[in-house]
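>>> Just the structure for this:
(one chain, ligands or ions: 2)
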Amino acid sequence: MSYILGIETSCDETAAAVVEDGRHVLSNIVYSQIPIHRAYGGVVPEIASRKHVEVIRHVVETALEESGISPDELSGIAVTQGPGLVGPLLVGLSFAKAYSFGLGIPLLGVHHLDGHICANYLAFSDLTPPFLALIVSGGHSHFYHVTDYGEYELLGGTRDDALGEAFDKVARMLDLPYPGGPEVEKLALLGQDRHNFPMALLEEDSLDFSFSGMKSAIRNHLQKHPADTEAARADIAHSFQERAFDVVETKIKRAILQTEAKTLVIAGGVAANQRLRQRLSSLAIDLRFPPLKYCTDNAAMIASSGYYMLQSEKRSPLTLNAKPNLSLDNCG
Ligand code: KG4
Ligand code: ZN
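Ligands and ions are numbered 1, 2, ... in the order given. This next block holds a predicted model:
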């Protein structure tokens with residue numbers, strides 16, 4: 001048996017988890033700072049860093065306690081190395097480095113996006129690479145061909161706003177609180193599809209995404225026609241969500257045609273959206289979404305990623321630094 005302690009602090013969640021053999025979650029503690037940042041309409045990095053410092057020890061101790069695993073039974077400490085906010089990342093990294101040094105066990109610097117993909121290993125015991133993955137989060141809308149555990153080929157990505165970022169920005173235009181994604185989803189349920197906001201499908205074979213044009217069109221629309229009733233705001237939320245998912249669906253169909261993939265894994269915060277799940281359910285492919293609790297940031301997914309690093313004998317040095325813009329092919 002191998003037990004990995006995972007630590008995640010890349011943004012506004014302080015999270016720790018213990019996972020057995022990369023797949024079985026023994027504990028999964030997430031301390032969310034959302035109520036603190038809501039007052040500012042978004043994450044304030046300095047406040048996030050300070051809060052991480054304040055709670056990380058308690059979060060890790062609780063994760064260990066709930067798992068029933070003692071520190072000397074751990075095989076490694078997995079921690080998010082990037083991408084993310086540098087201050088918050090440094091808090092998790094410093095804690096993990098000290099812990100790994102103190103216990104004399106491997107430090108495993110995990111790529112946050114690899115973690116999001118590994119969230120699916122926690123739920124689907126039969127899922128093994130290769131497969132096609134789409135990550136839709138606050139910072140990414142990226143297609144990858146996952147060739148092996150921790151091995152990726154980038155097929156297409158965000159050219160401007162990521163999908164979650166577009167949800168957050170449209171939410172702000174509609175005076176919805178942070179984080180905007182779940183709020184837009186809720187408001188959209190009350191609206192109808194009345195607006196044909198422009199979709200950027202880009203070149204015929206492109207798997208890149210661009211959502212900034214749609215976002216600007218909504219801003220212009222609101223300047224000309226202020227949405228002063230809830231019904232008007234709900235229609236905009238509804239049409240934005242439908243057009244954004246039209247783009248996602250079109251791109252997924254392209255990706256399936258191009259790669260002839262049999263399995264598609266969706267990961268990242270936007271994967272929590274029920275309308276997205278419903279719309280994609282008719283695709284002729286073995287489709288996997290993580291359970292809701294593993295869609296948004298958590299440390300169980302980081303521990304799973306760390307397990308597969310350890311399996312392939314990858315370790316990180318104690319000089320490991322935070323990498324706010326880390327790409328998926330140069331982690332560790
Ligand atoms: O993966 P995540 O928790 O953090 C990042 O790594 O970015 O994703 C957060 C993003 C935010 O932009 C949030 O608004 C979006 O995911 N999100 C959603 C939903 N839940 C979270 N977007 C649409 N619908 C949702 N239900
Ligand atoms: Zn994330």
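>>> The residue nearest to residue 304 when sequence neighbours are not counted and residue 70: what is the separation?
Take residue 304 and drop its neighbours on the chain: the residue closest to it by C-beta to C-beta, 6 or more residues apart in numbering is residue 118, 3.9 Å away. No exception for glycine: its C-beta is placed from N, CA and C like everyone else's. As for residue 118, its distance to residue 70 is 24 Å (criterion: C-beta to C-beta, to the nearest Å).
>>> which phi and psi does the spatially most central residue of the chain have?
In the chain, the C-alpha nearest the mean C-alpha coordinate belongs to residue 268, at 3.0 Å (C-alpha atoms, centre = their mean). Residue 268 adopts backbone torsions of phi 100, psi 170, taken as degrees, to the nearest 10.
>>> residue of the stretch 1-150 of the chain with the smallest distance to ligand 1?
residue 138 (2.7 Å; C-beta to the nearest ligand atom).
>>> Touching, residue 132 and residue 259? I think so.
Yes: using C-beta atoms under 8 Å, residue 132 is in contact with residue 259, at 5.6 Å.
>>> picking up where we left off before, and the residue nearest to the centre of the chain, what does it touch?
Contacts here follow C-beta atoms under 8 Å, 6 or more residues apart in numbering; on that basis residue 268 touches 113, 116, 135, 136, 137, 138, 140, 164, 295.
>>> that older thread, give me the neighbour count for the residue of the stretch 1-150 of the chain closest to ligand 1.
23 (other C-beta atoms under 10 Å).
>>> Helix, strand, or coil at it?
Here residue 138 is recorded as coil under DSSP: H, G, I helix; E, B strand; the rest coil.
>>> And the pLDDT for it?
pLDDT recorded at residue 138 is 91.
>>> burial of the nearest residue in space to it that is not next to it in sequence, as a residue count?
Sequence neighbours aside, residue 164 is the residue nearest to residue 138 in space, at 4.0 Å (criterion: C-beta to C-beta, 6+ apart). Residues near residue 164, counting by other C-beta under 10 Å, number 26.
>>> For the stretch 201-332 of the chain, list the residues in contact with ligand 1, please.
Taking C-beta under 6 Å from any ligand atom as the contact definition, the stretch 201-332 of the chain meets ligand 1 at 268, 269, 270, 272, 273, 296, 297.
>>> Of those, which is the nearest to residue 59?
Nearest to residue 59 among these: residue 297, at 12.8 Å, using C-beta to C-beta.
>>> Run a quick neighbour tally on that closest one.
Neighbour number of residue 297 under other C-beta under 10 Å is 27.
>>> could the residues of the stretch 201-332 of the chain next to ligand 1 go into TSV alongside distance to residue 281, pLDDT and secondary structure?
Output for those, formatted as TSV (distance: C-beta to C-beta, whole Å; pLDDT from 0 to 100; DSSP: H, G, I helix; E, B strand; the rest coil):
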residue	distance to residue 281	pLDDT	secondary structure
268	18	93	coil
269	19	93	helix
270	16	96	helix
272	15	96	helix
273	13	98	coil
296	21	91	coil
297	25	95	coil
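>>> tell me, which of the contacts of residue 268 make contact with ligand 2?
residue 137 (C-beta under 5 Å from the ion).
>>> and which of the contacts of residue 268 is nearest ligand 2?
Closest to ligand 2 out of the contacts of residue 268 is residue 137 (4.6 Å), distances taken as C-beta to the ion.
>>> what's the nearest residue to the closest one if we skip its chain neighbours?
residue 268 (3.3 Å).
>>> For the one you found, give its distance to ligand 2.
Distance of residue 268 to ligand 2, given as C-beta to the ion, to the nearest Å: 6 Å.
>>> and the gap between that residue and residue 294?
For residue 268 relative to residue 294 (C-beta to C-beta), the value is 11 Å.
>>> packing partners for the helix or strand hosting residue 310?
Element membership of residue 310 [criterion: DSSP states H and E] is helix 300-311. Contacts defined by 3 or more C-beta pairs under 8 Å, 6 or more residues apart in numbering; DSSP states H and E place helix 300-311 against strand 3-8, strand 13-20, strand 76-82, strand 107-111, helix 112-123.
>>> Go through the ones you listed and name the closest to residue 39.
Comparing the helices and strands packed on helix 300-311 by C-beta to C-beta, strand 13-20 comes nearest, at 17.2 Å.
>>> Let me see the mean pLDDT of the longest helix that the chain contains.
Of all segments of type helix in the chain, defined using DSSP state H, the longest is helix 230-259. Mean pLDDT, computed over helix 230-259, is 97.
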